[in-house]
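J.: Provide a 3D model corresponding to the input given below.
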Amino acid sequence: MPPLILTINNVFMQYIEHLDAQGFSGNLSDMVLFLGREAAGSAKATPAGEEDGFIEHHPAPLLMVPPEHKETIQPLVQAISRIFDAG
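T.: Numbers count the residues shown, from 1 in each chain. From the prediction side, this is the model:
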């Protein structure tokens, strides 16, 4: 896979995580187990954090983009930023 594709994917993932800045991330199997416990009424409303296998989302102060890709993806970042600014 070309490195530029990985960079573009990473940019989209960073924006998606930013949409859920107050949420949590974790391994898919941990998330499914948590949701199953929650549905059965035995889980807390939100995961407690790392002890449950989850990490809290935090706003990213910058996009993680290799220097060699910054100019190439600039139009994409500007387009996404306009969508965020409009919303």
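
J.: Go through the helix or strand of the chain with the lowest mean pLDDT and flag the buried ones.
T.: The weakest-scoring helix or strand in the chain, judged by mean pLDDT, DSSP states H and E, is strand 24-26 (a mean of 74). Neighbour-count burial for strand 24-26 flags 24, 26 (criterion: 16 or more other CB atoms under 10 Å). Heads up, the C-betas are built off the backbone N, CA and C, glycines and all.

J.: what pairs with that strand, and is each one parallel or antiparallel?
T.: strand 54-56 (antiparallel) (DSSP bridges).

J.: Domain-wise, how is this structure divided?
T.: If you go by automatic domain parsing, the domain ranges for the chain are 1-22+58-87, 26-56.

J.: Out of those domains, which gets the lowest mean score?
T.: Ranked by mean pLDDT, the domains of the chain bottom out at domain 26-56, with a mean of 69.

J.: quick one: terminal-to-terminal distance for that one?
T.: One end of domain 26-56 to the other measures 9 Å (CA to CA, to the nearest Å).

J.: List the buried residues of stretch 13-26.
T.: 14-15, 24, 26.

J.: Cool, thanks, talk later.
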